[in-house]
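S.K.: following is a predicted model, sequence given first.
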Amino acid sequence: MVLHQMTNKQPGHWNSWKKRLAIIKLMFTSTLKYILALLLIFTFSASFAQNNYLQDEEKPPPLTRILFVLDGSQSMIGRWQSDIKMNIAQDLLSNLLDSLKDVDNIQLALRVYGHQKTYPPQDCNDTRLVVPFADGNAMRIKNQLRYVKPKGTTPIAAALEQAAGDFPNCDDCRNIIILITDGLEECGGDPCAVSAALQKQGVALKPFVIGIGRNFREAFDCVGVYFDASSEEQFSKALDLVISQALNSTTAQVNLLDEYNKPSEINVNMTFYDHVSGKVVYNFIQTLNSKGLPDTLLIDPLITYDIVVHTLPPARADSIKITPGQHTIIPVNTPQGQLRLKMEGTTLSSRNLQAIVRQEGSMETINVQQFGQTEKYITGDYSLEILCLPRIYIDDINVAQSTTTTVEIPVPGIAVIQKTAQGYGSLYVERDNELVWVYNFRENPVQESLILQPGRYRVVFRPRYTNRAMFTIEKRFRVTSGKTTHVKIYK
């Protein structure tokens, strides 16, 4: 009877379990899909956040500010090819301004000299900022050009000197001066010296000079980058070329060469300094691109650079000139190896131990390296001053290309110096029948613990309460690696 009832209930019981299994399977499938969806969302969000981070971290380009310094002296009224010089200059500048009016991240200004006072008499202060720097003022400059009438003398040096005040303060700007003239300095000034001062002070980059009608290269080469405009066509090309160089970066790569003359050294910072002003322009941490070549850099071609590669010790490449529009390769010799400092058997005692690293034969500190660490150095010979008690000096340590040189010292011991009273004394290490000073005891504490290198030592001590040298106490002891030695000083 009982068996029959169980047999009758089996189909219903099995159907119930099938339903439960189906529900569990559905729940598991739904949960799995949910987890996968969360993983996809998380991955996408992380990728999106990383891209945003990289975009946010990308430094915006500096603001480019171009000051046109235009010759408005009497000679600009002279006939030249199709028209008078001033009319040609106004027309070509107007065309240039039309092309610049919609360019982003640029500000323009106009200074004129020799246009306010007639000559004679000579007024060597005849220069004025006609249109100051502002956003979107190309059309204003174009309109003001129409009112410039050639009248006076040619105070080029004074105009450049006053141009220093035309650039408002800015932390991240490229200040460029374009001088357009048909003559030489007439007021006894020195445009070359003024230009050098502007560059030295970081007011402006090396100016561009466009000489109209005649070739003034010999006089203006020291002022800036000279362009000869002996014809209208050359004048137009010179303006276009100057603006192209002023607005466009040029590519370069720095080859950090190993001893095999291969550009294999990477992951080191390179600082680009303005050779004239000394200001920091760029910092790049060297890397290799997907082809295994040094990465391509976009840099300002208007600057002469001093490059410091922050190896240990630093490597330099000075007075590097970049050719606009051409890829420039800059080689710097930076062969490196590694120096590892360690302590025998354990790293616990070396936690705060450091060593001064110097090039062999020099007292200049290259680095203070922590024990337990490995650092890269330019290949060559080095000496170490290990800052332990007593000091350890090691010479003629050779660091070779792509190898690791290991310097190992023994584990120190501990000396616990117990004095019967306060007093005066020192600790010496015994070396070849000579006592070499190690440490002066503090006057007040009656117990001091010192971490010392293994060796034989001697304490020389006199209690404070005595006034006789004959009460000086000497105590000899030995320090063993990894052990503590108690030294009791008593008469």
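M.R.: Okay, I see it.
S.K.: point to the helix or strand of the protein where mean pLDDT is at its lowest.
M.R.: helix 2-57 (a mean of 51; mean pLDDT, DSSP states H and E).
S.K.: I'd like the next helix or strand past that helix.
M.R.: Where DSSP states H and E defines the elements, the next helix or strand beyond helix 2-57 is strand 63-71.
S.K.: summarise which helices and strands that next one is packed against.
M.R.: The contact analysis (3 or more CB pairs under 8 Å, 6 or more residues apart in numbering; DSSP states H and E) places strand 63-71 against helix 85-100, strand 106-113, helix 156-163, strand 173-181, helix 232-247. From N, CA and C alone the C-beta is placed, and that goes for glycine too.
S.K.: bridged to Arg358, which residues?
M.R.: Judged by DSSP bridges, the bridge partners of Arg358 are Thr365, Ser383.
S.K.: burial count for it?
M.R.: 18 (other CB atoms under 10 Å).
S.K.: for Val368, see how far away it is.
M.R.: Distance, Arg358 to Val368, using CB to CB, to the nearest Å: 10 Å.
S.K.: could you do Thr64 as well?
M.R.: Counting by CB to CB - Thr64 and Val368 are separated by 42 Å.
S.K.: got the contact list for Ala415?
M.R.: 427, 449-450, 452, 457, 477, 479, 484-485, 487 (CB atoms under 8 Å, 6 or more residues apart in numbering).
S.K.: pull out the buried members of these.
M.R.: Among these, the ones that count as buried by 16 or more other CB atoms under 10 Å are 427, 450, 452, 457, 477, 479, 485, 487.
S.K.: need the contacts of Ala415 in JSON lines (columns: secondary structure, distance to Ala317 and pLDDT).
M.R.: Conversion of those to JSON lines gives the following (DSSP: H, G, I helix; E, B strand; the rest coil; distance: CB to CB, whole Å; pLDDT from 0 to 100):
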{"residue": "Leu427", "secondary structure": "strand", "distance to Ala317": "49", "pLDDT": "98"}
{"residue": "Ser449", "secondary structure": "strand", "distance to Ala317": "51", "pLDDT": "96"}
{"residue": "Leu450", "secondary structure": "strand", "distance to Ala317": "48", "pLDDT": "96"}
{"residue": "Leu452", "secondary structure": "strand", "distance to Ala317": "46", "pLDDT": "96"}
{"residue": "Tyr457", "secondary structure": "strand", "distance to Ala317": "51", "pLDDT": "98"}
{"residue": "Phe477", "secondary structure": "strand", "distance to Ala317": "56", "pLDDT": "97"}
{"residue": "Val479", "secondary structure": "strand", "distance to Ala317": "50", "pLDDT": "98"}
{"residue": "Thr484", "secondary structure": "strand", "distance to Ala317": "54", "pLDDT": "96"}
{"residue": "Thr485", "secondary structure": "strand", "distance to Ala317": "54", "pLDDT": "97"}
{"residue": "Val487", "secondary structure": "strand", "distance to Ala317": "57", "pLDDT": "96"}
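S.K.: mind putting those residues in TSV, distance to Ile409 included?
M.R.: Below are these laid out as TSV (distance: CB to CB, whole Å):
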residue	distance to Ile409
Leu427	19
Ser449	20
Leu450	17
Leu452	12
Tyr457	17
Phe477	21
Val479	14
Thr484	19
Thr485	19
Val487	23
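S.K.: of those residues, which is the nearest to Ile414?
M.R.: Thr484 (4.4 Å; CB to CB).
S.K.: what's the closest non-adjacent residue to the closest one?
M.R.: Leaving aside its sequence neighbours, Thr484 sits nearest to Ile414 (CB to CB, 6 or more residues apart in numbering; 4.4 Å).
S.K.: which residues does that neighbour bridge with?
M.R.: Counting by DSSP bridges, Ile414 is bridged to Ile451, Thr484.
S.K.: surely it touches Ser481?
M.R.: No - using CB atoms under 8 Å, Ile414 is not in contact with Ser481; the gap is 10.5 Å.
S.K.: tell me which helix or strand Thr118 sits in.
M.R.: Applying DSSP H and E, one finds Thr118 in no helix or strand.
S.K.: what backbone torsions are found at the nearest residue to it once chain neighbours are set aside?
M.R.: Leaving aside its sequence neighbours, Thr118 sits nearest to Lys151 (CB to CB, 6+ apart; 4.8 Å). When quoted as degrees, to the nearest 10, the phi and psi of Lys151 stand at phi -140, psi -50.
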